[in-house]
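Enquirer: Need coordinates for the following:
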Amino acid sequence: MSTAKQYVIDSLSTQESWRLFRIMSEIVDGIENLSDLQNSVSIFGSARTPSDHPMYQEAEEIARLLSEAGFGVITGGGPGIMEAGNKGAQEADGTSVGLSIQLPMEQGSNPFIDIECNFKYFFVRKLMFIKYSMAYVVMPGGFGTLDELSEAFVLRQTNKIKPFPIILYKSEFWNGLLDWTRDQMVASGYISDEELDAMVILDSPEEVVQYIIEHSPDVLD
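Expert: Next up is the predicted model:
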């Protein structure tokens, strides 16, 4: 093997080793920053939702009611629905957490965050969502929102996490997805009706908070 080729191999190996340390560093930082969180609910949804949109305002109200009920609120820390969630929590004197991700096409963190963690790696960020949330509220959004929903659903389906509530907000947005899932996945035997029951669709902020309280009866004891 030539000296130049060996140099390239060694260089790539060194880069991979340092990448491992960066991943470990993000995990350690996340755990250290979030270890005191209790009874927190994650709110997901589109970063492209403007502040004058009804869905922004309803996300803000959900976060406000959650905070008043004693829950912390975790979002992805960005604009849109994430900003609404952090804003509602902060203005209700609740715990407002932002798990931000470094992306070239999006704005920075929103200004309503009390506890912030910054991540380079999506999978580390998703680990923190799962580890420190006891319920998911999934607002309308795009493929990033679907990614978070799928992650939570699969982990619950496979009993890798406790069976916490997964709430899809607004039937007019999510009904089509669940109809397709029943018509295609359930009908084909890929998942069961019982597994699909892990998700529930609700249509008002009050219903969301009440459902979380009723299905996690011991979390605020």
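
Enquirer: and residue 49, what is it in contact with?
Expert: Neighbouring residues of residue 49 by CB atoms under 8 Å, 6 or more residues apart in numbering: 55, 56, 59, 80, 81, 84, 139, 140, 141. In this view, the C-beta of every residue, glycine as well, is placed from N, C-alpha and C.

Enquirer: what do you get if the cut-off is 6 Å, keeping everything else the same?
Expert: 55, 56, 80, 81 (CB atoms under 6 Å, 6 or more residues apart in numbering).

Enquirer: from the residues you listed, which is closest to residue 195?
Expert: Set against residue 195, the nearest of the contacts of residue 49 by CB to CB is residue 81 (26.3 Å).

Enquirer: Could you check how far the nearest residue to the closest one once chain neighbours are set aside is from residue 198?
Expert: Once flanking residues are discounted, residue 81 sits nearest to residue 45: 2.8 Å by CB to CB, 6 or more residues apart in numbering. Going from residue 45 to residue 198 by CB to CB, to the nearest Å gives 19 Å.

Enquirer: Output the below-cut-off pLDDT ranges for the protein.
Expert: Within the chain, the set of residues satisfying pLDDT under 70 comprises 1-14, 104-107, 217-221.

Enquirer: Which stretches in it count as strands?
Expert: Assigned strands in the chain, in chain order: 40-44, 72-75, 96-101, 115-119, 135-138, 166-169, 199-202 (criterion: DSSP state E).

Enquirer: which of those is buried the deepest?
Expert: Most buried of the strands of the chain by mean neighbour count (mean count of other CB atoms under 10 Å) is strand 72-75; its value is a mean of 29.

Enquirer: Take the contacts of residue 49 and lay them out in JSON lines including neighbour count and distance to residue 95.
Expert: Formatted as JSON lines, those follow (neighbours: other CB atoms under 10 Å; distance: CB to CB, whole Å):
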{"residue": "55", "neighbour count": "20", "distance to residue 95": "23"}
{"residue": "56", "neighbour count": "23", "distance to residue 95": "20"}
{"residue": "80", "neighbour count": "25", "distance to residue 95": "20"}
{"residue": "81", "neighbour count": "32", "distance to residue 95": "18"}
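
Enquirer: hmm, which two among the residues you listed are most spread apart?
Expert: Using CB to CB, the contacts of residue 49 span at most 8.9 Å, a distance reached by 55 and 80.

Enquirer: Next, count neighbours for the residue nearest to residue 203 when sequence neighbours are not counted.
Expert: Using CB to CB, 6+ apart and skipping the chain neighbours, the partner closest in space to residue 203 is residue 171 (5.6 Å). A total of 12 residues lie near residue 171 under the criterion other CB atoms under 10 Å.
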